[in-house]
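1. Below is the sequence, then the predicted model.
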Amino acid sequence: MSTQFSSSLTASFRSHVCGALRADNVGSQVKLSGWVQNWRDHGGVIFIDLRDRYGLTQVVFNPENAADAHELAHMLRSEFVVQVEGEVVTRPDGTVNANMATGEIEVLVAQVKILNKSETPPFSIDDTREVGENVRLQYRYLDLRRQPLQEAMIVRHKVTKLIRDYLDKQNFLEIETPVLTKSTPEGARDYLVPSRTNPGSFFALPQSPQLFKQLLMVAGFDRYFQIVKCFRDEDLRADRQPEFTQIDMELAFVEADDIINLVEGMIALIFKELKDFDSVLPYTRITYQDALDNYGLDAPDIRFDMHLVDLCRVFAETSFKVFRSVLDKKGIIKGLNLKGGASLSRREIDDLLEVVKIYGAKGLAWIKVNEDGWQSPIVKFFEESEVEALGQAMAAEAGDLLLFVADKAEITNESLGRLRLHLGTKMGLIDEDKLSFCWVVDFPMFAWDAQEKRHTAIHHPFTAPLDEDLDKLETEPLAVKAKAYDLVLNGVEVGGGSIRIHDAEIQTKVFNLLNIEADEAQEKFGFLLDALGFGAPPHGGIAFGLDRLMMLLLKRQSIREVIAFPKTQKATCLLSGAPNTVSPRQLRDLSIKKA
RNA sequence: GGGGGCGUAGUUAAGUUGGUUAUAACGCCGGCCUGUCACGCCGGAGACCGCGAGUUCGAGUCUCGUCGCUCCCGCCA
């Protein structure tokens, strides 16, 4: 990034930016424009730290050198916008500031112009002290002046530029898809936009450009990408905003491996360029089943090596009532071995119970493996043979804490999986500097929704089944695996995609399984189905969550820290006041009545 | 829809078992200071303790409600 302006376009305001000047520049006449970060008035000489996004330069007003400028400098306050003109000089001996990139020099001001005054800002721009997020969001334009958000925006730009350059070299075309599009009731809640010209009808903002990118494949643009806003009207989280940015890609004439290889290169490049991190390619691949078995979650954090252990076999014949009844109801029992955890207090173990309770587990059994035997409220219910088998299965050693959940499979897996993460953080088992990528593959096509009594698509209804599972589509749908793949970084899903169905017959079968009738499918996705009938090439794609990627890249606690103008948890904008009520006139135009 | 946390000068925080005039730091305003860079020194202003109700002789503190911010569960094909 250039830090010096030679262009005559900008020369009227500045010859250099505020981070540019070095000892080499001593003696030259320069012009700087920027914001007053700080001022130090010594009665005689006045120092100003002038800031722009490139850095800080100390400028000096000396009454003996330029009396008028010095007089004017008394008026300067925080965040005033000023232009100064003067000579670059070396700082006197002993006053070099090693903490500043420009610390060897200063600008001796001959002329100063106040370009604009500023109100006293509600928080200081240079202070690293935490400021309440509501204040930061209300004055986001000031928050954006501060270093963390400056860095985030700059890095974000670098990332999207790397992506565009990388994909351009790979023959991708960036093509825009509509923002005013059609509501698809499957999936997340849509943001709706009323159509004035079609009273009673609504556009939906896209949850993803899914259908349109598939149409682009039919159209013959065999490599498409887009860095695109997507919208979901669901509740927010630290890593979820109602509008977010996706790196969206689709390719024709490819298999899953082709896509995986291609985007691995892109992700590896990003982390190499911005973190100097050398990826070992290809990234590890973990099957969905292995992820659940070993980590309890479909987005495993493999930065640390603690696995869930299946104990169903150990306790197959148990007479311990709690375990017995779970097994009889087709539930499962799994355990975690927290190495060295025997030193945890009773109170700390109770806190762990609270963690698993969040995810529906009713209890958390535990055993402290002490030098002189096992200490536990439940061991007395076990047979000697069970104790031995358990010790072996868990590789128990003196000092360990064994933790167990027995429940329905989903609850056991998720609660222990989350407990594993909790322990990883709390016990310092996670190296926070580590970047552990993995692909999760072989997702099932369908899940069974017991409440609605129907199959639901785990990925989406256009995902293709594995070729070898095609014959199970009708007989054993829950055993069918999909050509789907997720990229997981440090336990966070950062991307996901699939090979799509390009065969109308298979698509019909999948819709049938999802209880989507032919006429319903036609009404919802007819335009895609029609298109698939006109020579759709085999195709597939992937989408990455840019915000989440940025959050991990910059180690921020929230997605809001990498978005210029984020929304609050209630999906409002504290800066603009959106959403707001509108005039009766506007509603009348749209044929909308308030409920 | 549900559970937890927070809300006190502009900002960040302290505020004891309910008890005189609600503290501090930074910032702000005024003054002094010619080498600072978290400049220093002297002085000053600044708070309807989120809002509303209740309990009490007395509420920043206790109770209820409400609003806002936040974390999580549900939700997010």
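-> Arrived safely.

2. ok, residue A:306 touching residue A:336?
-> Yes: under the criterion of C-beta atoms under 8 Å, residue A:306 makes contact with residue A:336 at 6.4 Å. C-beta: built from backbone N, CA, C; applies to glycine.

3. Common neighbours of the two, please.
-> Shared contacts of residue A:306 and residue A:336, defined by C-beta atoms under 8 Å, 6 or more residues apart in numbering, comprise A:420, A:423.

4. tally of neighbours for the closest residue in space to residue A:431 that isn't next to it in sequence?
-> Of all residues not flanking residue A:431 in the chain, residue A:303 sits nearest, at 6.2 Å (C-beta to C-beta, 6 or more residues apart in numbering). Residues lying near residue A:303 (other C-beta atoms under 10 Å) number 17.

5. what's the answer for residue A:102, then?
-> 24.

6. swap in residue A:127?
-> Neighbours around residue A:127, by other C-beta under 10 Å: 9.

7. same check, this time on residue A:145
-> Residue A:145 sits with 19 neighbouring residues when counted by other C-beta under 10 Å.

8. With residue A:276 instead?
-> Residue A:276 is flanked by 7 other residues according to other C-beta under 10 Å.

9. for the most centrally placed residue in chain A, helix, strand, or coil?
-> Most central in chain A under C-alpha atoms, centre = their mean is residue A:548, positioned 1.1 Å from the mean C-alpha point. Recorded secondary structure, residue A:548: helix (DSSP: H, G, I helix; E, B strand; the rest coil).

10. what's near enough to touch it?
-> Taking C-beta under 8 Å, 6+ apart, one finds A:239, A:492-494, A:559 in contact with residue A:548.

11. Filter these down to the buried ones.
-> Neighbour counting with 16 or more other C-beta atoms under 10 Å marks A:239, A:493-494, A:559 as buried within these.

12. which one of the contacts of residue A:548 is nearest residue A:87?
-> residue A:559 (46.1 Å; C-beta to C-beta).

13. is it true that that closest one touches residue A:242?
-> No: here residue A:559 lies out of contact with residue A:242, judged by C-beta under 8 Å, at a distance of 11.1 Å.

14. picking up where we left off before, so which of the contacts of residue A:548 are also by RNA strand B?
-> Filtering the contacts of residue A:548 for neighbours of RNA strand B using C-beta under 7 Å from any atom of the strand leaves residue A:239.

15. Farthest-apart pair in the contacts of residue A:548, please.
-> Between any two of the contacts of residue A:548 (C-beta to C-beta), the greatest distance is 13.2 Å, for A:493 and A:559.

16. tell me the average confidence for stretch A:309-322?
-> Regarding stretch A:309-322, the rounded mean pLDDT is 96.

17. what do you get for stretch A:97-106?
-> pLDDT averaged over stretch A:97-106 gives 95.

18. what's the burial count for the closest residue to residue A:517 other than its chain neighbours?
-> The shortest distance from residue A:517 to any non-neighbouring residue, by C-beta to C-beta, 6+ apart, is to residue A:511 (7.8 Å). The number of residues packed near residue A:511 is 22, by other C-beta under 10 Å.

19. Run through who's touching stretch A:273-282.
-> By C-beta under 8 Å, 6+ apart, stretch A:273-282 touches A:155, A:158-159, A:162, A:260-261, A:264-265, A:267-268, A:271-272, A:435, A:437, A:553.

20. switch to 10 Å and redo it
-> Stretch A:273-282 has contacts (C-beta atoms under 10 Å, 6 or more residues apart in numbering) with A:155, A:158-159, A:161-162, A:257, A:260-261, A:264-265, A:267-272, A:433-435, A:437, A:439, A:550, A:552-555.

21. swap in stretch A:195-206?
-> A:177-185, A:189-194, A:212, A:228-233, A:242-243, A:246, A:248, A:586, A:589-592.

22. Only the buried residues of that stretch, if you could.
-> Buried, per 16+ other C-beta under 10 Å, within stretch A:195-206: A:202-206.

23. Now do the contacts for the residue of the stretch 351-500 of chain A found nearest RNA strand B.
-> When distances are taken as C-beta to the nearest atom of the strand, the stretch 351-500 of chain A reaches nearest to RNA strand B at residue A:460, 3.4 Å away. Counting by C-beta under 10 Å, 6+ apart, residue A:460 touches A:184, A:186-187, A:207-208, A:210, A:482, A:484, A:496, A:498, A:500.

24. So it, which state does it fall into?
-> coil.

25. Roughly how far does it sit from residue A:226?
-> 18 Å (C-beta to C-beta, to the nearest Å).

26. From residue A:573, how far off is residue A:565?
-> Taken as C-beta to C-beta, the span from residue A:565 to residue A:573 is 7 Å.

27. And residue A:238, by the same measure?
-> Separation of residue A:238 from residue A:573 (C-beta to C-beta): 18 Å.

28. what about the two, which has more around it?
-> residue A:573 (16 against 13).

29. Who's the closest spatial neighbour of that one, skipping the chain neighbours?
-> residue A:567 (5.7 Å).

30. wait, is the residue nearest to residue A:517 part of a helix?
-> Yes: checked against three-state DSSP, residue A:511 lies within a helix.

31. Contacts only, for it.
-> Residues counted as contacts of residue A:511 (C-beta under 10 Å, 6+ apart) are A:457, A:461-462, A:501, A:517-518, A:520-522, A:524-525, A:529.

32. Now restrict the residues you listed to buried residues only.
-> Applying 16+ other C-beta under 10 Å to the contacts of residue A:511 flags A:457, A:461-462, A:501, A:521, A:524-525, A:529 as buried.

33. Among these, name the ones in strands.
-> Of the positions in the buried ones among the contacts of residue A:511, residue A:457 sit in strands, assigned by DSSP state E.

34. Thank you, goodbye.
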